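Undergrad: The following block contains a protein sequence and its predicted model.
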Amino acid sequence: MPLNPDTSPNLTLVLVITALVTVGVYLLLERSLSRVLIGVILLGNAANLLFLVAGGAAGRPPLVGSAEPSEMSDPLPQAMALTAIVITLAMTAFLLAMAYRSWQLHRHDEVQDDVEDRRIARLAARDERATTDADTEDTRSTLDEEAAETRDETDDAPSERTTPVEVP
């Protein structure tokens, strides 16, 4: 079955989207906040292009009564693109604020390892546990012993009443 030229995506746009996502993800994995910022912007632009490509060919405005439904363009990709623009703008503002604050405090925008991360990495290198988990440790008790120790709320219900309930 041959492809309809109106519904097949433009190969150039698909390659641009692929390149933007690839470079954006690579930059998100960096430690520099300015590179992360550029990665977020590239991913936002790739999402917008993807929505435009997925929306298909342009058509008439999606107003009821102005044209036949088959001739109208789909409004959902347009709404999704506007949402992606707003999310990208918010993330850009947040990352700019973080990078600026990091520059004020440390004179660089590189994210450093946390002290706790370093401690856990040292423990992992020595093959030691960072914490103990009481649920997984062997407590030498059986399931019957644990059930006997558990307080059952239904056992106390009759003894809590001090006066009998009278029915009128």
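TA: That came through, no problem. Numbers count the residues shown, from 1 in each chain.

Undergrad: What is the single longest helix found in the chain packed up against?
TA: Using DSSP state H, we find that the single longest helix of the chain is helix 75-106. Contact partners of helix 75-106 among helices and strands, from 3 or more CB pairs under 8 Å, 6 or more residues apart in numbering; DSSP states H and E: helix 33-54. No exception for glycine: its C-beta is placed from N, CA and C like everyone else's.

Undergrad: Could I get the buried residue list for the helix it packs on?
TA: 33-52 (16 or more other CB atoms under 10 Å).

Undergrad: Kindly report the same for stretch 81-89.
TA: Those would be 81, 84, 88, for stretch 81-89 by 16+ other CB under 10 Å.

Undergrad: so which of those residues would you say is closest to residue 60?
TA: Comparing the buried residues of stretch 81-89 against residue 60 with CB to CB places residue 81 closest, at 18.4 Å.

Undergrad: Model confidence score at the closest one, please.
TA: For residue 81, the pLDDT comes out at 91.

Undergrad: I figured residue 51 hits residue 80, correct?
TA: Yes. The pair formed by residue 51 and residue 80 meets the contact definition of CB atoms under 8 Å, at 4.8 Å.

Undergrad: What ranges in this structure fall below the confidence cut-off?
TA: Applying pLDDT under 70 to the chain flags the ranges 1-7, 130-144, 146-168.

Undergrad: switch the cut-off to 90
TA: 1-11, 30-31, 52-78, 102-103, 105-168 (pLDDT under 90).

Undergrad: Tell me how many other residues crowd residue 117.
TA: 10 (other CB atoms under 10 Å).

Undergrad: Then the one 10 residues further on?
TA: In terms of burial, residue 127 registers 6 neighbours under the definition other CB under 10 Å.

Undergrad: returning to that earlier point: next, the angle helix 33-54 makes with the longest helix of the chain.
TA: 180 degrees (axes from the mean of the first three to the mean of the last three CA atoms, to 10 degrees).

Undergrad: So residue 71 sits against residue 58, correct?
TA: No. Look at residue 71 against residue 58 with CB under 8 Å: they stay out of range, at 10.6 Å.
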